[in-house]
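Engineer: Sequence plus the predicted model coming up.
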Amino acid sequence: MPSVSNPALFSTKITPPAIVPGQVMRPALSDLICNVNTAKLVLVRAPAGFGKTTAMIQARARLQEAGVDTAWLTLDSADNDASRFLASLAMATAHMAMYPGAPSAPLDTIALLAVHTSPFALFLDEFEAIQESAVLNLMREIIDHLPRGSQIVI
């Protein structure tokens, strides 16, 4: 299990898998994900092996090319711990420079996301690993306070 205290190992959680040559391109799904401007939450749903992660990676790349801030977090069962989830989220979104001088403590992350000045997309891969009600409540709070034009893709 990657440790939040070890950024080198943890980087695999906040770095999406690479787009590889020969990968099935999913432009229609990318269009749907990228053009849902009024939805705060986008759910990519399909059985295992049907390309959900691939579609999310491709949509993220398109949004980045369009100048939209994005963050990626691959979740696992260890993220059912609220403090670990918040620390993971803080590391995934740290590069977004929410505003100068922003505190970097994980507990501030939800507030920082709420005041982010430009639209962003937060991609949460493997969200089905999250079962703990405390973490689900944190997600509900994040969604409730998401700035206009921003979205969470799971």
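Structural biologist: Here it is on my side, so go on. Residues are numbered from 1 along each chain as shown.
Engineer: Pop out the phi and psi values for the most far-flung residue of the chain relative to its centre.
Structural biologist: Most distant from the centre of the chain: residue 22, at 25.0 Å, with distances by C-alpha atoms, centre = their mean. Note on residue 22: its backbone torsions stand at phi 90, psi 0 [degrees, to the nearest 10].
Engineer: Backbone dihedrals for the nearest residue to residue 42 once chain neighbours are set aside, please?
Structural biologist: Spatially, and ignoring its direct neighbours in sequence, residue 42 is nearest to residue 153 (4.5 Å; C-beta to C-beta, 6 or more residues apart in numbering). (Each C-beta comes from the backbone N, C-alpha and C, glycine too.) Main-chain dihedrals, residue 153, degrees, to the nearest 10: phi -110, psi 120.
Engineer: same deal with residue 89?
Structural biologist: With angles defined as degrees, to the nearest 10, residue 89 sits at phi -60, psi -40.
Engineer: just residue 70 next, same as before
Structural biologist: With angles defined as degrees, to the nearest 10, residue 70 sits at phi -130, psi 160.
Engineer: May I ask you to name the longest helix in the protein?
Structural biologist: Scanning the chain for the longest helix, with DSSP state H as the assignment, gives helix 52-65.
Engineer: Provide the contact partners of that helix at residue level.
Structural biologist: 16-17, 19, 23-27, 29-30, 33-34, 44-46, 70, 72, 121, 123, 125, 153 (C-beta atoms under 8 Å, 6 or more residues apart in numbering).
Engineer: Show me the strands in this protein, by range?
Structural biologist: For the chain, the strands defined by DSSP state E cover 41-42, 69-74, 120-125, 151-153.
Engineer: need these in CSV with mean neighbour count, mean pLDDT and distance to residue 10, can you?
Structural biologist: Compiled in CSV, the strands of the chain are given as follows (neighbours: other C-beta atoms under 10 Å; pLDDT from 0 to 100; distance: least, C-beta to C-beta, whole Å):
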stretch, mean neighbour count, mean pLDDT, distance to residue 10
strand 41-42, 15, 95, 25
strand 69-74, 20, 96, 10
strand 120-125, 22, 97, 15
strand 151-153, 23, 96, 20
